[in-house]
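**Q** Quick check, what structure comes out for this input:
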Amino acid sequence: MDKRQLKAFEKKLTARYQELQATVQRSLHDRPASDDRAADIGDIATTTYEKDIAFGQNASVLQYLRLSQEALKRIGDGTFGYCTLCENEISPPRLGAIPWTPYCIGCQEQLERSQYLAGCWKAL
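**A** This next block holds a predicted model:
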């Protein structure tokens, strides 16, 4: 990967990181105050549901924030574009679509397959 491509990825990842940070800040700022004492059971259920949805969204945002930060670190240490598991080069189309990915497509598929199988064993 040449320096121009690396700079383009760094710019894209930095913008994504800043966007995600702003999302987290808005989420923390916009958190509704709740007074469960004055609410009826339906209001409490709705509030709980909304909090669950917000929690799930925040967890995803925090995961992408972490992945973006790690990708920027890999740019800094010269390992960006290489799979963190097998150390093979990650394909340019994959990096173009998911620049924060730490894995090549082969390792990603193996991880997903093993997580799926682990979930199947738990279900038994």
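
**Q** I'd like the distance between the nearest residue to C104 once chain neighbours are set aside and W100.
**A** Distances taken as C-beta to C-beta, 6 or more residues apart in numbering put C83 closest to C104, at 4.0 Å, once the chain neighbours are dropped. Placement of C-beta: from N, CA and C, glycine included. Distance, C83 to W100, by C-beta to C-beta, to the nearest Å: 13 Å.

**Q** how about the spatially most central residue of the chain, what does it touch?
**A** By C-alpha atoms, centre = their mean, the chain has its centre lying nearest to Y64, at 2.1 Å. Residues near Y64 by C-beta atoms under 8 Å, 6 or more residues apart in numbering: R16, L20, W100.

**Q** mind running it again at 10 Å?
**A** R16, Y17, E19, L20, T23, W100 (C-beta atoms under 10 Å, 6 or more residues apart in numbering).

**Q** Show me the two of those residues that sit farthest apart.
**A** Largest separation among those by C-beta to C-beta: T23 and W100, giving 14.9 Å.

**Q** Please identify which of those two sits among more neighbours.
**A** Taking neighbours as other C-beta atoms under 10 Å, T23 and W100 compare with W100 leading, 21 against 16.

**Q** The more buried one contacts R94, correct?
**A** No - the pair W100 and R94 does not pass the contact test of C-beta atoms under 10 Å, sitting 11.1 Å apart.

**Q** Which segments of this protein make up each domain?
**A** Following automatic domain parsing, one finds the domains of the chain at 1-80, 82-124.

**Q** Any stretches of the chain with poor pLDDT?
**A** 30-39, 44-57, 121-124 (pLDDT under 70).
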